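Student: sharing a model prediction with you, sequence too.
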Amino acid sequence: MPFKPVNFKSVTRRLKLHSFPYFCGSNFNPLATKFSKETYLYWYELMQLIRQFELMSEEKYKMDGKIRGFYHAYIGQEAIAAGCMTGTRPEDLFITSYRDHGLAIAKGVSVNSCMAELYGKATGCAKGKGGSMHFFGKDVNFYGGHGIVGAQIGTGAGLAFAEQYRDTDNVVLCYFGDGAARQGILHETFNLAMLWKLPVIFICENNNYAMGTSVERTSNVVDIYKLADAYEMPADTVDGMSAEAVHESVGRAVKRAREKGGPTLLEIKTYRYKGHSISDPQKYRTKEEVDEYKDKDPIQQVRKTILDNKFATEKEITAIDKRVYDIVVESVKFAEESPWPDDDEVLKDVYMDKNYPFIVD
Ligand SMILES: Cc1ncc(C[n+]2csc(CCOP(=O)(O)OP(=O)(O)O)c2C)c(N)n1
Ligand SMILES: [Mg+2]
């Protein structure tokens with residue numbers, strides 16, 4: 001059968017989304033260990049979209065000064081977003097740290113609203129008030145974007161508690177870094193999550209550094225997955241440069257959680273090619289170390305599988321790249337033409353809503 005690229009326009013129109021075809025999450029078998037052409041093409045397109053979004057926004061930050069404030073790139077870690085999307089379904093909830101661009105886009109927060117958020121515009125996914133660290137998309141079950149290291153571990157378990165309380169079979173994927181794994185909140189949360197068998201997958205994105213501090217310098221325990229042992233929580237260590245490996249381990253953990261079997265800790269070993277944030281001189285690692293990981297680049301691996309299996313030709317892959325590039329260029333136009341937030345927005349949504357249901361005087 002000739003290669004038929006995903007028709008973005010018809011899919012996004014149907015789903016009333018302006019972004020990546022989020023429908024894909026429900027189209028795949030989470031327990032698959034052999035992957036179809038559609039899966040590889042989906043992975044490729046999603047990972048390229050995330051990477052091109054960040055390459056473009058970094059340029060807008062550094063060269064044009066259009067974006068300001070904190071900014072943490074996901075480049076190198078994209079296979080985690082890809083494997084997690086095909087291992088879950090749209091109703092499942094994601095919550096993560098400030099390194100949030102990739103997971104937000106994967107979940108279906110529109111690329112336009114992500115770029116506008118970086119620009120601080122009113123059309124941004126956090127109304128232009130959150131910036132890079134606080135992307136949000138409740139309508140697509142993306143619960144942020146959190147700046148306090150480790151805070152989302154507790155909040156993620158809280159989301160899972162709510163799903164259990166409402167008796168759904170939705171699962172929460174709660175992401176945090178290797179540095180966050182050293183926070184005390186992890187232990188309190190693991191304890192209660194296991195006690196109550198909450199439907200949550202704790203995903204440690206171990207990129208080997210917390211700012212400039214390597215895993216070896218933060219604890220005697222360098223195998224983070226072993227922290228689960230103290231709570232008799234199932235755990236696994238996963239190759240984060242492989243979308244296949246991520247999908248397989250996430251699929252297994254999600255199945256257990258959906259069937260009321262409780263949480264899992266996955267330590268996904270990954271790497272960030274860029275510095276901790278946009279202003280990191282990276283004196284703590286060598287160029288050779290970065291190159292070693294670039295040789296295992298997840299996008300190139302998936303591209304090779306697509307070509308080796310003749311899932312698509314070079315020309316067809318170039319067409320995907322072009323489509324992705326156009327989406328990103330369009331998002332820049334959207335952000336630049338969008339209005340700034342009104343002055344009277346400045347104190348709204350900051351602390352609490354007047355009608356917040358649980359707080360009374
Ligand atoms: C409670 C708290 N302490 C310190 C910081 C400053 N800080 C921001 S990011 C970071 C490193 C976290 O590293 P890691 O959890 O490995 O995530 P990564 O940046 O590698 O994704 C630190 C210490 C913070 N934001 N919050
Ligand atoms: Mg880290």
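Tutor: Yep, it's here. Numbering: from 1, shown residues only. Ligands and ions are numbered 1, 2, ... in the order given.
Student: show me where the stretch 51-200 of the chain has helices.
Tutor: 78-86, 101-107, 111-119, 151-165, 184-195 (DSSP state H, counting those that start in this stretch).
Student: how about those in a markdown table, adding distance to ligand 2, mean neighbour count and mean pLDDT?
Tutor: The C-beta positions use only the backbone N, C-alpha and C, and glycine is treated the same way. Converted to a markdown table, the helices of the stretch 51-200 of the chain look like this (distance: least, Cβ to the ion, whole Å; neighbours: other Cβ atoms under 10 Å; pLDDT from 0 to 100):
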| stretch | distance to ligand 2 | mean neighbour count | mean pLDDT |
| --- | --- | --- | --- |
| helix 78-86 | 12 | 28 | 97 |
| helix 101-107 | 14 | 28 | 98 |
| helix 111-119 | 21 | 26 | 98 |
| helix 151-165 | 14 | 21 | 98 |
| helix 184-195 | 14 | 17 | 98 |
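Student: and the protein, which residues reach ligand 2?
Tutor: Taking Cβ under 5 Å from the ion as the contact definition, the chain meets ligand 2 at 177-178, 207, 210.
Student: for ligand 1, tell me which of these show up nearby.
Tutor: When those are checked against ligand 1 using Cβ under 6 Å from any ligand atom, the ones in range are 177-178, 207, 210.
Student: show me what contacts the closest residue to ligand 2 within the chain?
Tutor: Here the residue of the chain nearest ligand 2 is Gly177; by Cβ to the ion that distance is 3.6 Å. The contact partners of Gly177, by Cβ atoms under 8 Å, 6 or more residues apart in numbering, come to 97, 99, 149, 204-207, 210.
Student: biggest separation within the residues of the chain next to ligand 2, which pair?
Tutor: Across the residues of the chain next to ligand 2, no pair lies farther apart than Asn207 and Ala210, at 9.0 Å, counting by Cβ to Cβ.
Student: residue numbers of the stretch 51-200 of the chain in contact with ligand 1?
Tutor: Counting by Cβ under 6 Å from any ligand atom, the stretch 51-200 of the chain sits next to ligand 1 at 97, 99, 147-149, 177-180.
Student: show me the shaky parts of the stretch 251-361 of the chain.
Tutor: Scanning the stretch 251-361 of the chain with the threshold set as pLDDT under 70 gives 352-354, 356-361.
Student: thinking again about what came up before, list residues touching both of Asn207 and Ala210?
Tutor: Counting by Cβ under 8 Å, 6+ apart, the residues touching both Asn207 and Ala210 are 177-178.
Student: the more surrounded of those two?
Tutor: Neighbour count, other Cβ atoms under 10 Å: between Asn207 and Ala210, Asn207 has more, with 24 against 18.
Student: thought that one was touching Asp178?
Tutor: Yes - using Cβ atoms under 8 Å, Asn207 makes contact with Asp178 at a distance of 6.8 Å.
Student: hmm, back to that, closest to ligand 1 among the ones next to ligand 1 among the residues of the chain next to ligand 2?
Tutor: Of all those, the one with the least separation from ligand 1 (Cβ to the nearest ligand atom) is Gly177, at 2.2 Å.
Student: the closest one bridge partners, please.
Tutor: Under the criterion DSSP bridges, Gly177 forms beta bridges with Glu205.
Student: nice, that's everything, thank you.
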